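> Coordinates only, no sequence provided:
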């Protein structure tokens, strides 16, 4: 997507997120005794029951997606190179580099991959260096039915999807269905989108038919598992309803296709679609979700929750930060406005946002690695699908970024806010010359532990949410399914917090089990005494 779109979007979301700060909801009847222990004796509110992950429609809730920026990821084959692009990377990433990294992604505990666009972007005569850079992103395709030769071939794309499926990983392509390059190649059926190239004209039926053909073609050809949808607001809601149906129909056909069977499992049947609508909740509903009576897409990125998270543990791109933990209780309730089928997807960063590590830099904050772990613990406790941007699992950042960014020359330096995260991937065992530091390895191991815990404990990814307590420093949440309860505690201060949690707030229990360390906390008469280290989260299973 273009740098201009990203800058405009940041200016919109900053205003929305900055005014959603503190909330006194969550304090209830809880008090802080003089011995500095936080005494949680009553629940701040009843359970949040709207979340679709509690019912049969929540088939996507356990998605743990690893996002790859194709051109900046791993250079697996020197014969497939762009050599130009936005950001600081080598700009030589390709499909082979992703194939080479599949074992790493699987070991990290992820179960899906999202590739930024890999369709052909043919250069036009006389274009300048900035158009060359934009072509490398893939967000302005010239041929939706051909793999970009700078990334690889259709055969490599097929190999990538097949090998990912063999390892139990879903694969999602990036669908840019609202704009394209000016010299667009017609579809195999002879169709082209109508109107201008950015945005296209959906009042003409050929436009919808063209993008339905794109979605059906790749879903069927590769047994593809779904799509991420760029700038989804460019496409009318009625068109999304029909494109979504096209993908569901193709997925249903894949369920019967022998070519989609890998190791006894049928792939290409998921039909996941997640929209990018960089705006507030009402706009996300209007542009992506639709309503209970007229549903459109099943998922969209949770931008409001992302901004609340970085404002609390770092700063957002505008520099706003130092928000209370109670900011995160308010954001749980943001989902009340969503229709029943909506399954919001939480990310910490992506290719258009500043990396979390660089936002810690921008805020001039200490405890770099602890802040990363705390943020990932919150993602692990999120009801709904989650997305991890490559490199965040090792705390990647651009050294001295906060001090050297200059908006007058940032594009040439690769340091603008909307593309600084497009740095070269450092994949253990794949990237030559890269050995993770002790801190990087520890963070990577922690992420892997969290993802395994999340996978094995459905209350984390599909449980109802009940805010037990929130103040400036501490958030206490109860996650519940019919079979399981988990207490999530997040300490956003740098000091240890002691919590006294009344046992009668939980199901009949005498023990809490820390899902990361295995440590047991035994009931003390009628409550649990829990220590939460500074800038950390704890996931405690009610046993």
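Nice, I can see it. What you see is a predicted model; the values in this text were computed from it and never measured.
> going forward, measure contacts and count neighbours with C-alpha atoms only.
Will do.
> And the next helix or strand past the helix or strand of the chain with the lowest mean pLDDT?
When each helix and strand of the chain is scored by mean pLDDT, DSSP states H and E, helix 3-18 comes last, with a mean of 36. Remark: after helix 3-18, the chain's next helix or strand is strand 37-40, criterion DSSP states H and E.
> ok, then the element right after that following strand?
strand 64-68.
> Any chance you could list what contacts that following strand?
105, 109-116, 350, 385-390, 451 (C-alpha atoms under 8 Å, 6 or more residues apart in numbering).
> those strands in the stretch 101-250 of the chain, which residues are they?
Remark: strands assigned in the stretch 101-250 of the chain by DSSP state E, counting those that start in this stretch are 112-115, 119-120, 143-147, 170-175, 226-229.
> of all those, which lies closest to residue 541?
strand 112-115 (26.0 Å; C-alpha to C-alpha).
> In helices only, show me the contacts of strand 64-68.
Secondary structure from DSSP state H places 105, 451 of the contacts of strand 64-68 in helices.
> ok so residue 512 is a helix residue?
No. Residue 512 sits outside any helix when classified using DSSP: H, G, I helix; E, B strand; the rest coil, being strand.
> what separates it from residue 111, distance-wise?
28 Å (C-alpha to C-alpha, to the nearest Å).
> same thing with residue 93?
In terms of C-alpha to C-alpha, residue 93 sits 21 Å off from residue 111.
> more neighbours, those two?
residue 93 (30 against 22; other C-alpha atoms under 10 Å).
> can you pull the contacts of the more buried one?
Taking C-alpha under 8 Å, 6+ apart as the definition, contacts of residue 93 comprise 70, 71, 72, 73, 74, 75, 76, 80, 81, 82, 151.
> Name the member of those with the most neighbours.
residue 71 leads the contacts of residue 93 on contacts (other C-alpha under 10 Å) with 35 neighbours.
> So for that residue, what's the pLDDT?
Each residue has a pLDDT score; the one for residue 71 is 97.
> ok, it touching residue 136?
Yes. Between residue 71 and residue 136 a contact is recorded at 6.2 Å, counting by C-alpha atoms under 8 Å.
> Would you mind listing the buried residues in stretch 424-441?
424, 425, 426, 427, 430, 431, 440, 441 (16 or more other C-alpha atoms under 10 Å).
> CSV for the residues you listed, including secondary structure and pLDDT?
As requested, those are arranged in CSV below (DSSP: H, G, I helix; E, B strand; the rest coil; pLDDT from 0 to 100):
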residue, secondary structure, pLDDT
424, coil, 97
425, coil, 98
426, coil, 98
427, coil, 98
430, coil, 98
431, coil, 96
440, helix, 98
441, helix, 98
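> which among those residues gets closest to residue 264?
For the buried residues of stretch 424-441, the nearest to residue 264 is residue 430 (29.0 Å; C-alpha to C-alpha).
> just to revisit the earlier point, now intersect the contacts of residue 93 with the helices, please.
Per DSSP H, the contacts of residue 93 never map to helices.
> ok, and the closest non-adjacent residue to residue 414?
Among residues not flanking residue 414 along the chain, residue 87 sits closest, at 3.8 Å (C-alpha to C-alpha, 6 or more residues apart in numbering).
> doesn't residue 410 make contact with that neighbour?
No. Counting by C-alpha under 8 Å, residue 87 sits too far from residue 410 to count as a contact (9.2 Å).
> Tell me which of these two has more neighbours.
Higher neighbour count among residue 87 and residue 410: residue 87, with 25 against 16, using other C-alpha under 10 Å.
> what about residue 121, distance to residue 147?
9 Å.
> more crowded one of those two?
residue 121 (28 against 21).
> In contact with that one, which residues?
Contacts of residue 121 by C-alpha under 8 Å, 6+ apart are 135, 136, 138, 140, 141, 142, 143, 148, 181.
> ok, the fifth one - how many residues close by?
Meaning residue 141. Counted with other C-alpha under 10 Å, residue 141 comes out at 27.
> per-residue pLDDT, the closest residue in space to it that isn't next to it in sequence?
Nearest residue to residue 141, sequence neighbours excluded (C-alpha to C-alpha, 6+ apart): residue 121, at 4.6 Å. Listed pLDDT for residue 121 reads 93.
> can you check residue 335 too?
81.
> quick one: low-confidence parts of the stretch 201-350 of the chain?
330-333 (pLDDT under 70).
> Please tell me how far the residue lying farthest from the centre of the chain sits from residue 509.
Largest separation from the mean C-alpha position in the chain: residue 525, at 41.7 Å (C-alpha atoms, centre = their mean). Residue 525 sits at a distance of 12 Å from residue 509 (criterion: C-alpha to C-alpha).
> for the residue nearest to residue 243 when sequence neighbours are not counted, what are its contacts?
Distance criterion C-alpha to C-alpha, 6+ apart; nearest residue to residue 243, sequence neighbours excluded, is residue 212 at 5.5 Å. The neighbourhood of residue 212, defined by C-alpha under 8 Å, 6+ apart, consists of 242, 243, 246.
> related to what we said a few turns ago, could I get the strands of the stretch 101-250 of the chain in TSV, plus columns for distance to residue 131?
Converted to TSV, the strands of the stretch 101-250 of the chain look like this (distance: least, C-alpha to C-alpha, whole Å):
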stretch	distance to residue 131
strand 112-115	21
strand 119-120	14
strand 143-147	16
strand 170-175	20
strand 226-229	22
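> now, of the ones you listed, which is deepest in the fold?
Greatest average neighbour count among the strands of the stretch 101-250 of the chain goes to strand 119-120 (a mean of 26), per mean count of other C-alpha atoms under 10 Å.
> Wait, residue 141 touches residue 123, no?
No. With contact defined as C-alpha under 8 Å, residue 141 does not count as touching residue 123 (10.0 Å).
> And for residue 416, the neighbour number?
Neighbour tally, residue 416, other C-alpha under 10 Å: 24.
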